[in-house]
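In: test case, fold it:
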Amino acid sequence: MKRSRLLTLLVGGVFCLAVMSLYRMLELMQGAEPQPRRDAPDEQDLSRLQQKIDRLERLLSDNNRLVARLRDSLLQHKASWERGGGGANVSSDSTHSQAAPPPGCRLAEEMKDGADGVQLLDVYDLLPFDNPDGGAWKQGFEIGYRGDEWDEQPLELFLVPHSHNDPGWLKTFDGYYQDQTRHILDNMLQKLSQDHRRKMVWAEISYFSKWWNDIDDQKRATVKRLVGAGQLELVTGGWVMADEANSHYFALLDQLMEGHQWLHRHLGVTPSSGWAIDPFGHSPSMTYLLKGAGLQNMVIQRVHYAVKKHFARQQTLEFLWRQTWDSSPRSDITCHMMPFYSYDVPHTCGPNPAVCCQFDFHRLPGRRVFCPWRVPPQPITDQNVQERALLLLDQYRQKSQLFRSPVLLVPLGDDFRFVETSEWDVQFTNYQKLFDYFEQHPELHIKARFGTLSDYFQALHRRLGAAGTSLPTLRGDFFTYADRDDHYWSGFFTSRPFYKRLDRTLEATLRATEILFSLTLAEMRRFGADGRPDARFPARDHFRRLTVGRRNLGLFQHHDAVTGTGRDPVVVDYVSCFQDEVMSAQDALPQKTMLELSDEPRSLIVFNPTEQLQTSVISVTVDSPDAHVVDAETGRPMAAQISAAWVEPSQVSTEMFQVRMSSSMGLLIGSVIGLLIGSVIGLLIHVAVALLRGRTSSSVAPRLSCDQSSSWLHPPGTLHHPSPWRPTKSPLVRVSRGPIFSDITSCFQHFTHTVRLFHLDGHAGKSLEISNMVDIRSEVNRELVMRFVSDVANGNRFYSDLNGFQMQQRRTLLKLPLQANFYPMTSAAFLQDSGSRLTLLSAQSQAVASLRPGELEVVLDRRLQQDDNRGLGQGITDNKLTASLYHLLLEDRRGGAQKQSNVVYAVQSTVEHLSLLAHLTSLSLSHPPITMVAPSDSQLPKLRPFLPLRLSLPCDIHLLNLRTLEDTQVRSTPGDTPLKHLSDVSCWSWTTGRVIDFLQHCPIKRSDEETFNKI
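Out: Take a look at the predicted model:
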């Protein structure tokens, strides 16, 4: 109690000191201000007064932030004392020490959150999240204007035709292509060629490339002419319009590279604008990748309706999107947010959908679709053109009031539009009549025409520059998305988790294959002539398979694929694409294939796909418990642990055994291990089987059923207290102990939960491995959740990662329903207070929340019978036996980076990063060693370890990939790798969150530099 009073008194004194300092600074400012002349005009006095007020506001803002930090510090210290002097369990080996934090940590601390723009976290704190009826714009407000706003600067309108083509949703990719997409693109060639004023944008390169392969050279020449004339613009340039919640940044970048390389090779263009109108929420990680790919502008749509309303009132629907961790404008990208409910025609021309629908001429009477507001469009004639033009102009003017410039973007399209030639005719013909009327009546002060995104953004920047207007800066992400009421789209963070895990497996397999192929190709070129690989090496065949794998991974990043929001047959079709690339690997080592041992050794080749020396556990299934494990190069025995293989929770197999061995591997090393029958080097561990009632380090709870929850949505309502899992009978518990690992496995009716501790040096031995095998196929309308309960005093704040690229602070808000407080976790989440940090690292993407202080929960699986009325037309009932894998870290934060340069920083900073230990653990989890085995009857030469680099890269550098590009002259033939020149290689710096140049920042040894030069 005395300590608490003393600390309160100390904080009060610091506050008084801050106020006195602020008053003294104002006095100094006033004294330093030059005295105005007595005959100076009043405007100068008012200007100086305004400057003083602005300075005062900035100083008050800084003071408020200081007080808030002191308050948070007081609460954290008070919580620690109430626990008994800090009380949290902490790791004895922590990467946070008493020494000064590394530069990246200092950068995070020195960031002044929100000082130079809009911070979305603060917007969420500010908004009431009510949903009053806004009139014609149900989720907004009434918009008014005088009518003379455009007298000086006419309204400049760009109508952008588009057709959103999902690469799989209700139909498969090929089904959509045959029935709709190819007709859209065929008609595009014909209709755009008829009138140079007509324009269109296209986003999905997966479809475009397939169509390109089907057309002749004459049509290809027409495409190039339309692109060159600016009538057709390829936007974003990704293989798909990728999901931004579940996808890892490796896969996001890979599909972006595949699309951009295709465009560069076949059309010689690089996109300049992004088009993301259908992903269910938006991530700044994607904007960073787009900016790095050369894009300067982008358009987004699916943002919480309350955020849209707030931005519309503030005229901040167009902004410079900046990375949270970046204090400079180098990562900024100009972003346009669509203000209304959807990207279809009724919700794009203005705030009144009943009026806008009348200008979707595809809905003319007698056509296949109609206006639900029961007022159909009318063909534009000489008799009605004035009335129709003025009605449409009113919507344009209302919409323009939500933006800072007199330049207006109006999309014209929807899902799979312009399939029929007649739709092209009615849309373009009727709109051209309206545009001609506007042009003939300059008193209306509008210039309207068809355009592309490049046309729009060029006009926008020109107008802003001429007016001296700047766009606001924004930091943060747009999760979790709600389109109406309390319908939050957080369910797809977990839906179909089996395929989310499969996606990450394919990603890791593809990356390892890319690296091995590039290194092998470089080695083969040493034996070939004129820089070509040796003729005996089937480089072209391997590269063709590699390209198929890239494109299959890219296709699965589509926002209806990895999200789990496609129909059942579509999901099966996606998986069929994986058969050659990853499913065979899934059935191979170490999961299902059993090695038959004999006196002759079987060689295992273990490849470490990371850039760091690491000690990992290799697991294989053998047919004998008398396994002898040796290092193939030295012949020395290796420590191993032989475990039972379980066919049932209480039944041990007599034919299969698990052999696990620890192996230390350097950067990109291929190690060789020999297995044979012999004296037992590993120890057959003792297994205790018992029926116990107890608790492990986590608990699992199903959510209550709800009739409105399905693939996209979490159940709306007041499920703030989900029921804990209460099994009908006690679980079967297995306890294992051995020299490599010890674990506890709890077998319940619907899941098996294992907690394992590895007895290893390095980062592998500093975390708990947690694995679950979930089977809820017999359940109805259930969600299974794993909850961690700790004494970390994190308040209402926690952190989850965005695409494995950066960490984002989250705030649990009581004013929001439960489903709104779940966020995407691609690979990591953590809780922290002043003394400790609890970090959960994940091998798959899932939904995560911290609904109470000290708690972290992850949604493992969902089985939901009903549709959620978002177009899918089915529930999610194709659940599978699903494995999930995690590592849990508890790290000490006491004394680390809480004070620096005599300034106290907030414990819960907006900008945080994973610790170095967590980063390395996450890398090994995402990119595990690749185990390969030769057939027992094959005759192989003596194998030796392959060591492309002598030393590991610096521990804060991640080698993203070694990707071989396609030859610029010969199609489907490997060309150069990005590592042929050092200056072309990029590494990811996790301390600062920047892509940095390899040559400038990676301290490579001379011998290693020579190796890279060979590549």
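In: can you give me the distance of the spatially most central residue of the chain to residue 916?
Out: The chain has residue 803 as the residue nearest its centroid, 3.1 Å off, counting by C-alpha atoms, centre = their mean. Taking C-beta to C-beta, to the nearest Å as the measure, residue 803 falls 20 Å from residue 916. For glycine as for every other residue, the C-beta is placed from the backbone atoms N, C-alpha and C.
In: in the stretch 651-800 of the chain, which spans are strands?
Out: 651-665, 670-677, 683-684, 686-691, 699-702, 732-737, 741-747, 751-758, 768-774, 782-789, 797-802 (DSSP state E, counting those that start in this stretch).
In: what's near enough to touch the residue nearest to the centre of the chain?
Out: 244, 247, 248, 249, 252, 283, 285, 286, 826 (C-beta atoms under 8 Å, 6 or more residues apart in numbering).
In: mind redoing it with 6 Å?
Out: 248, 249, 283, 285, 826 (C-beta atoms under 6 Å, 6 or more residues apart in numbering).
In: same deal with residue 270?
Out: residue 294.
In: which of the helices or strands spans it?
Out: Using DSSP states H and E, residue 270 sits in no helix or strand.
In: residues near the residue nearest to residue 729 when sequence neighbours are not counted, how many?
Out: In this structure, residue 729 finds its nearest non-sequential neighbour in residue 749, 7.9 Å apart by C-beta to C-beta, 6 or more residues apart in numbering. Using other C-beta atoms under 10 Å, residue 749 has 13 other residues around it.
In: same deal with residue 363?
Out: Neighbours of residue 363 (other C-beta under 10 Å): 19.
In: quick one: the residue nearest to the centre of the chain from residue 192, how far?
Out: 35 Å.
In: one more: residue 523?
Out: 48 Å.
In: of those two, which one has the most company?
Out: residue 192 (24 against 16).
In: using the three-state scheme, assign the more buried one.
Out: helix (DSSP: H, G, I helix; E, B strand; the rest coil).
In: show me the contacts for residue 850.
Out: 798, 812, 856.
In: swap the cut-off to 7 Å and go again
Out: Counting by C-beta atoms under 7 Å, 6 or more residues apart in numbering, residue 850 touches 794, 798, 812, 831, 856.
In: which residue sits closest to it, ignoring its sequence neighbours?
Out: Per C-beta to C-beta, 6+ apart, closest to residue 850 is residue 798, 4.0 Å.
In: same question, residue 183
Out: Closest to residue 183 by C-beta to C-beta, 6+ apart is residue 419, at 5.1 Å.
In: in three-state terms, label that neighbour for me.
Out: Residue 419 - assigned by three-state DSSP - is coil.
In: mind checking pLDDT for it?
Out: Note on residue 419: pLDDT of 97.
In: got it, and residue 147?
Out: So, for residue 147, pLDDT stands at 93.
In: residue 797 now?
Out: Value for residue 797, per-residue pLDDT: 96.
In: then the one 10 residues further on?
Out: The confidence metric pLDDT takes the value 96 at residue 807.
In: same check, this time on residue 773
Out: pLDDT, residue 773: 95.
In: what sits against it?
Out: Here residue 773 is in contact with 751, 752, 881, 883 (C-beta under 7 Å, 6+ apart).
In: which among those residues gets closest to residue 271?
Out: Taking C-beta to C-beta as the measure, residue 271 sits nearest to residue 883 out of the contacts of residue 773, at 38.1 Å.
In: farthest pair within the contacts of residue 803?
Out: Farthest pair in these, by C-beta to C-beta: 248 and 283, 11.3 Å.
In: so between the two, which is more surrounded?
Out: More crowded of residue 248 and residue 283, by other C-beta under 10 Å: residue 283, with 28 against 24.
In: kindly provide the distance from that one to residue 236.
Out: From residue 283 to residue 236 the distance is 14 Å (C-beta to C-beta).
In: and if you look at residue 418?
Out: Taking C-beta to C-beta, one finds residue 418 at 19 Å from residue 236.
In: also residue 770?
Out: 37 Å.
In: so between the two, which is more surrounded?
Out: residue 236 (28 against 24).
In: test my guess that residue 222 contacts residue 192.
Out: No. Judged on C-beta atoms under 7 Å, residue 222 makes no contact with residue 192 at a distance of 8.8 Å.
In: what count of nearby residues applies to the closest residue to residue 373 other than its chain neighbours?
Out: Distances taken as C-beta to C-beta, 6+ apart put residue 354 closest to residue 373, at 3.8 Å, once the chain neighbours are dropped. Using other C-beta under 10 Å, residue 354 has 13 other residues around it.
In: can you give me how far whatever helix or strand residue 354 lives in is from the chain middle?
Out: Per DSSP H and E: residue 354 is located in helix 353-356. Distance of helix 353-356 from the chain centroid (C-alpha atoms, centre = their mean, to the nearest Å) equals 34 Å.
In: how about stretch 850-857?
Out: On C-alpha atoms, centre = their mean, the centre of stretch 850-857 falls 22 Å from that of its chain.
In: what does stretch 730-737 give?
Out: 37 Å.
In: just the mean pLDDT for that stretch, thanks.
Out: 91.
In: quick one: residues in contact with stretch 647-659.
Out: 594, 619-625, 627, 629, 640, 642-646, 682, 689, 732, 747.
In: and of the contacts of residue 850, the nearest to residue 332?
Out: The closest of these, once distances to residue 332 are taken by C-beta to C-beta, is residue 798, at 27.5 Å.
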